[in-house]
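Asker: Sequence first, predicted model second:
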Amino acid sequence: MDPETLNHDAVVVGSGTSAYFAASGLKKGGLDVAIVDERPFGGTCALRGCQPKKYLVCNAEAVAMASHLVGQGIVAAPKTDWAGLQALKNEFLSGKPEREVEDWQKEGVATYHGHARMTGPNELAVGDRILRAKHIVLATGATPRCAGYPGAEHSVFSDAFLELDELPERIVFVGGGYISFEFAHVAIRAGAKSVTILQRSDRVLKNFDPEIAEVIVAASEAEGIDVRLEESPESLEKVDAGYRLVGKSGTVYEADLVVEATGRVPNLSVLEGGQGGVDSDDGGIKVNGYLQSVSNPAVYAIGDCAATPYQLAPVADAEGKLAARNILEGNVEEMDYSVVPSATFTIPSIGSVGLTEEQAKERGLDFRVRKGSTTGWPSAKRIGEKHGGYKVLIDNTTGELIGAHLARHNAAEAINVLALAMKFGIKSGDLKEFMWAYPTIVSDLKYMVG
Ligand SMILES: Cc1cc2nc3c(=O)[nH]c(=O)nc-3n(C[C@H](O)[C@H](O)[C@H](O)COP(=O)(O)OP(=O)(O)OC[C@H]3O[C@@H](n4cnc5c(N)ncnc54)[C@H](O)[C@@H]3O)c2cc1C
Ligand SMILES: NC(=O)c1ccc[n+]([C@@H]2O[C@H](COP(=O)([O-])OP(=O)(O)OC[C@H]3O[C@@H](n4cnc5c(N)ncnc54)[C@H](O)[C@@H]3O)[C@@H](O)[C@H]2O)c1
């Protein structure tokens, strides 16, 4: 029997955050839109990333806030009830994919559930259907990189950690990036007895300023997280009591759980067979500044699957919005990555935007650096914060910020203010003179900028 063929103006593959903004933009622009996903609708951020993770992080923060003041006005540190925490998180997740599908259908967007594969420049096979469209938006996200050492099949990825019914006592995280650090802080606050991070190179949190990353390493070690640099797994085996990981250094790590977080690679299964004429490499689907495939003008690629510089939810959102606009209006605007704030939800958190000091030097810019520790400041002392620092880079000619990096309580929130200042060219002198609500973490920014 011939497959059923269905025609739409635009088909979006993926139902994550980038797809959401692309599909809703295209629909608002009057197109007949379809959206396809092989997994439950909602994507990584909502179902397996930012949102469920933040439930665990908020619990860890509550425990940490109280723990930091034990003996200074707090009698005893609270303890995490892991099952209760998971129940709270699962309440948020329960029924979410079904509601997403209903919402799309109410909006008049067709939904298909199944694996999509490009079978021509304007065509996709989804199960026993063929979807044809003038425009195809690929928003297929990324999947965890497999480190590929003997026994790696005994390890799990971030999805499994988020769903643990019980918290294991001994956990090894492979990779010293965003996921390992955030989850290690959750695990140690929730009562894990031994938490280790193995980082292949001599530097963790490579997307952040090294001095700011150092603050987090110190804070992690002070809580008992063992951060091992220049270490990665040689082998992993199941033993009677858990797992035995042998590091390249020869060190043996005994664990009840090994979590791999060594980066995420673009999910390009939609291109298998090469019939779509869409060029890609290990970095993802190759696009021009308008987010249009460099080899097939009918295709746009957005979010983690595109060979663009970030794998972050707000970037995926912005790319989704812009792809819809460029499809509707005809390549009117290129994507602007000049101000992308990012946070790591460790304790304390990191907030970062713009250039690091290294990058500013490489570019030969004329700038000054304001940096220091925040641990002596009243805003740190009153919460018992023992680790904190900042680094702000200011252009000597314009007085504008070119980079800002914070590691302290609420840094992940405060960085948005500096990102806004960077985006709209507010000068450091004006930030210093501004009348901030006081005493707030954000009002401390005035001491950092000049
Ligand atoms: C644990 C974790 C925590 C994170 N925390 C943060 C954070 O705090 N802040 C932040 O900014 N970012 C965070 N991120 C990153 C963020 O989640 C991603 O950048 C973002 O979700 C990417 O969205 P997307 O739309 O590109 O793809 P996704 O949301 O991954 O959606 C892709 C969808 O495409 C579907 N798909 C793929 N191939 C096919 C196919 N062939 N056929 C049909 N369907 C297909 C998949 O099933 C999936 O649902 C986190 C990521 C992880 C893993
Ligand atoms: N707060 C956030 O915004 C947030 C949180 C989680 C994830 N994310 C996104 O998801 C992406 C993936 O996160 P991630 O933590 O997996 O990746 P990452 O790129 O942040 O870190 C991976 C780390 O693993 C190291 N590594 C690679 N192979 C290794 C090996 N064999 N042994 C030891 N170390 C090894 C790398 O050198 C790197 O430092 C991030 O890059 C980020 O874009 C964002």
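Answerer: Perfect, I can see it now. Residues are numbered from 1 along each chain as shown. Ligands and ions are numbered 1, 2, ... in the order given.
Asker: For the rest of this, base every contact and every neighbour count on C-alpha atoms.
Answerer: Will do.
Asker: neighbours around the closest residue to Phe41 other than its chain neighbours, how many?
Answerer: Leaving aside its sequence neighbours, Phe41 sits nearest to Pro97 (CA to CA, 6 or more residues apart in numbering; 4.6 Å). By the measure other CA atoms under 10 Å, the count of residues near Pro97 is 18.
Asker: ok, Pro97 - contacts?
Answerer: With contact set as CA atoms under 8 Å, 6 or more residues apart in numbering, Pro97 has these partners: Pro40, Phe41, Gly42.
Asker: Heading C-terminal from the host helix or strand of it, find the next helix or strand.
Answerer: Using DSSP states H and E, the element containing Pro97 is helix 96-107. Using DSSP H and E, the helix or strand that follows helix 96-107 in sequence is strand 110-113.
Asker: so what strands line up beside that next one?
Answerer: Each strand paired with strand 110-113, and its direction, by DSSP bridges: strand 33-37 (parallel).
Asker: Just want the angle from the strand it pairs with to helix 96-107.
Answerer: Going by axes from the mean of the first three to the mean of the last three CA atoms, to 10 degrees, strand 33-37 is angled at 170 degrees with respect to helix 96-107.
Asker: The helix or strand just after strand 33-37: how far from the chain's middle?
Answerer: With elements assigned by DSSP H and E, the helix or strand that comes after strand 33-37 is helix 43-48. Between the centre of helix 43-48 and the centre of its chain there are 11 Å (CA atoms, centre = their mean, to the nearest Å).
Asker: Next: stretch 339-353.
Answerer: Counting by CA atoms, centre = their mean, stretch 339-353 comes out at 10 Å from the chain centroid.
Asker: what about that stretch, how long is it end to end?
Answerer: Stretch 339-353 has an end-to-end distance of 7 Å (criterion: CA to CA, to the nearest Å).
Asker: if you look at that stretch, does any of it touch ligand 1?
Answerer: No - Stretch 339-353 does not reach ligand 1 (CA under 6 Å from any ligand atom); its nearest approach is 6.8 Å.
Asker: first to last residue in stretch 41-61, what's the distance?
Answerer: 29 Å.
Asker: Quickly check: that stretch near ligand 1 or not.
Answerer: Yes - against ligand 1, stretch 41-61 shows contacts by CA under 6 Å from any ligand atom at Gly43, Thr44, Cys45, Gly49, Cys50.
Asker: List the single closest residue to the third one in space, sequence neighbours excluded.
Answerer: The spatially closest residue to Cys45, leaving aside those adjacent along the chain, is Gln51, at 6.0 Å (CA to CA, 6+ apart).
Asker: Can you name the residues bridging to Val156?
Answerer: Residues in beta-bridge contact with Val156 (DSSP bridges): Val259.
Asker: mind checking how far stretch 386-399 is from the chain centre?
Answerer: The chain centroid and the centroid of stretch 386-399 are separated by 24 Å under CA atoms, centre = their mean.
Asker: contacting residues around that stretch?
Answerer: 212, 215-216, 218-219, 348, 355-357, 365-375, 380, 400-409, 427-429, 448-449.
Asker: Let's see that with 7 Å instead.
Answerer: The contact list for stretch 386-399 (CA atoms under 7 Å, 6 or more residues apart in numbering) reads 212, 215, 219, 366-375, 400-408, 427-428, 448-449.
Asker: cool, stretch 231-244 as well?
Answerer: Counting by CA under 7 Å, 6+ apart, 149-152, 174, 198-200, 245-249, 252-256 sit against stretch 231-244.
Asker: Whichever of these end up buried, select them in PyMOL.
Answerer: Selection of the buried residues among the contacts of stretch 231-244 in PyMOL, burial being defined by 16 or more other CA atoms under 10 Å:
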select buried, resi 151+152+174+198+199+200+245+246+247+253+254+255+256
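Asker: all strands of the stretch 151-300 of the chain, in order?
Answerer: Ranges of strands within the stretch 151-300 of the chain are 170-174, 194-198, 225-228, 233-239, 242-247, 252-255, 257-260, 264-266, 280-281, 284-285, 299-301, based on DSSP state E, counting those that start in this stretch.
Asker: Out of those, flag the one nearest Ala34.
Answerer: strand 299-301 (14.4 Å; CA to CA).
Asker: tell me which residues in whichever helix or strand comes after that closest one are buried?
Answerer: Heading C-terminal from strand 299-301, the first helix or strand you meet, by DSSP H and E, is helix 313-329. Using 16+ other CA under 10 Å as the test for burial, helix 313-329 gives 313-328.
Asker: quick revisit: distance of the residue nearest to Phe41 relative to Leu257?
Answerer: With CA to CA as the criterion, Pro97 and Leu257 are 29 Å apart.
Asker: Quickly name whichever of the contacts of Pro97 is closest to ligand 2.
Answerer: For these, the closest approach to ligand 2 (CA to the nearest ligand atom) belongs to Gly42, at 16.6 Å.
Asker: How many residues are close by that closest one?
Answerer: 23.
Asker: Glu260 now?
Answerer: With other CA under 10 Å as criterion, Glu260 counts 25.
Asker: picking up where we left off before, let's see if you can find the most crowded of the residues of stretch 41-61 next to ligand 1.
Answerer: The residues of stretch 41-61 next to ligand 1, ranked by neighbours (other CA under 10 Å): first place Gly43, 22 neighbours.
Asker: do you know how far that one is from Gly14?
Answerer: 7 Å.
Asker: And Asp165, by the same measure?
Answerer: On the measure of CA to CA, Asp165 and Gly14 end up 28 Å apart.
Asker: who's more crowded, the two?
Answerer: It is Gly14, of Asp165 and Gly14, that has more neighbours when counted by other CA under 10 Å, with 28 against 13.
Asker: thought the more buried one was touching Ala139?
Answerer: Yes - using CA atoms under 7 Å, Gly14 is in contact with Ala139, at 5.0 Å.
Asker: Confirm that Ala22 sits in a helix.
Answerer: Yes - counting by DSSP: H, G, I helix; E, B strand; the rest coil, Ala22 falls inside a helix.
Asker: who's in contact with the closest residue to it other than its chain neighbours?
Answerer: Leaving aside its sequence neighbours, Ala22 sits nearest to Gly320 (CA to CA, 6+ apart; 4.3 Å). By CA under 7 Å, 6+ apart, Gly320 lies in contact with Ser18, Ala19, Phe21, Ala22, Ile302.
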